[in-house]
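**Student:** What follows is a predicted protein model with its sequence.
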Amino acid sequence: MPMEHDEIYLIDLWRILRREWRWFVAVAVVVAAAVFFAQTARPRWEATAWIRPGQLSPVPPGLDPRIEPFQRVIERMETHEFQDAVLHDLGLSPRSAEAHLYRGSFDLDPSPYAGLLKLTLRGYSRQQAQRFVQVTFKHLQRLHEGLMAEPLELAQARLKQAEAQLRDATAERDRLRQALEESRERQDLMLASMVLSSSNQEVRQLQQTVSDLKARLTASYSYQTTLAWPIYVPDHPVYPNRVLIWGAGVVLGLGLGLVAAVARNAARRAGRLVASGPSTPALGAYAQGERGVGQR
């Protein structure tokens, strides 16, 4: 079976590399230099926090008990006004390298079913990344405290009003009971019994209202914006990944160096073929005939 001349074998590659080793080494050195500069980049740590937006449970039916819907919280935190205010709290200039890193690494991942927001930020040190997340959370917490202040006051006022109504209704019921016990006339007894029954029902309804309001104002249903868990920062930086950079640099350098050597060898061969002219006898005779015609 005839051998295909357009195939390249390992021995051919070795010969090409021996012939074009300067190009191979040059490209490999350039890639190694790029890898070295990438290696010297400033390390970056990544901090992660899970934020639980606050909610106030005693709300009209059909309304979201959260202070702000999830999407509104995300849009608020991604605005320039919010991030500028956080940078001001951090004492950073909006044009500083730290501010650019803060904006570029700002990431929110909502988890509506769990009721949590995952906040991720990077810093040039472990402490800086943790502080970025902490100050961002504190700023959001202050905003939510302001939004929650008025509804919480109204809910507490409603609870106090219900408790006062319950005391009045209980006192009225006790008075009716005493009057019923002291009454001797049949007509008065029947009327007092009807009024007492209505008073008992009112007291039970108010007791249920007070109990429900107290339960919904507990920390299980109504709470401020908090962190679900402490802020997490790994012990090692997430960038640069030196093992990955060196591995990719070695593979890329060898690959590009080999491609450069093969390309240079192909260019040389093409140049020699053009310089030597037609190589087959038929083409040579044809070329000689053409030259003869031209001389005539």
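**Tutor:** Cool, got the structure.

**Student:** Going by C-alpha atoms from here, please, whenever you check contacts or count neighbours.
**Tutor:** Fine.

**Student:** Give the residue spans of the stretch 101-250 of the chain that score low on pLDDT.
**Tutor:** 179-196, 240-250 (pLDDT under 70).

**Student:** any chance you could map the strands in it?
**Tutor:** 107-111, 116-123, 226-227 (DSSP state E, counting those that start in this stretch).

**Student:** Just the terminal-to-terminal distance for stretch 77-95.
**Tutor:** In stretch 77-95, first residue to last residue: 19 Å (Cα to Cα, to the nearest Å).

**Student:** Could you pull out the buried residues of it?
**Tutor:** 77, 82-84, 86-87, 94 (16 or more other Cα atoms under 10 Å).

**Student:** what does the average pLDDT come to for that stretch?
**Tutor:** Stretch 77-95 shows a mean pLDDT of 94.

**Student:** Show me the contact partners of it.
**Tutor:** Here stretch 77-95 makes contact (Cα atoms under 8 Å, 6 or more residues apart in numbering) with 76, 98-100, 103, 132, 135-136, 139-140.

**Student:** so who does Leu119 touch?
**Tutor:** By Cα under 8 Å, 6+ apart, the neighbours of Leu119 are 48-51, 106-109, 133.

**Student:** switch the cut-off to 10 Å
**Tutor:** Each residue near Leu119 by Cα atoms under 10 Å, 6 or more residues apart in numbering is listed here: 47-51, 106-110, 133, 136-137, 231.

**Student:** Could you dump those residues into JSON lines and include neighbour count and distance to Leu176?
**Tutor:** Listed next are these as JSON lines, based on neighbours: other Cα atoms under 10 Å; distance: Cα to Cα, whole Å:
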{"residue": "Ala47", "neighbour count": "23", "distance to Leu176": "65"}
{"residue": "Thr48", "neighbour count": "22", "distance to Leu176": "63"}
{"residue": "Ala49", "neighbour count": "23", "distance to Leu176": "59"}
{"residue": "Trp50", "neighbour count": "23", "distance to Leu176": "56"}
{"residue": "Ile51", "neighbour count": "22", "distance to Leu176": "53"}
{"residue": "Phe106", "neighbour count": "17", "distance to Leu176": "66"}
{"residue": "Asp107", "neighbour count": "17", "distance to Leu176": "65"}
{"residue": "Leu108", "neighbour count": "18", "distance to Leu176": "61"}
{"residue": "Asp109", "neighbour count": "12", "distance to Leu176": "60"}
{"residue": "Pro110", "neighbour count": "18", "distance to Leu176": "57"}
{"residue": "Val133", "neighbour count": "24", "distance to Leu176": "61"}
{"residue": "Thr136", "neighbour count": "20", "distance to Leu176": "59"}
{"residue": "Phe137", "neighbour count": "21", "distance to Leu176": "56"}
{"residue": "Ile231", "neighbour count": "18", "distance to Leu176": "60"}
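
**Student:** Of these, which belong to helices?
**Tutor:** Within these, residues falling in helices by DSSP state H are 133, 136-137.

**Student:** Of those, which is the nearest to Ser197?
**Tutor:** Phe137 (53.4 Å; Cα to Cα).
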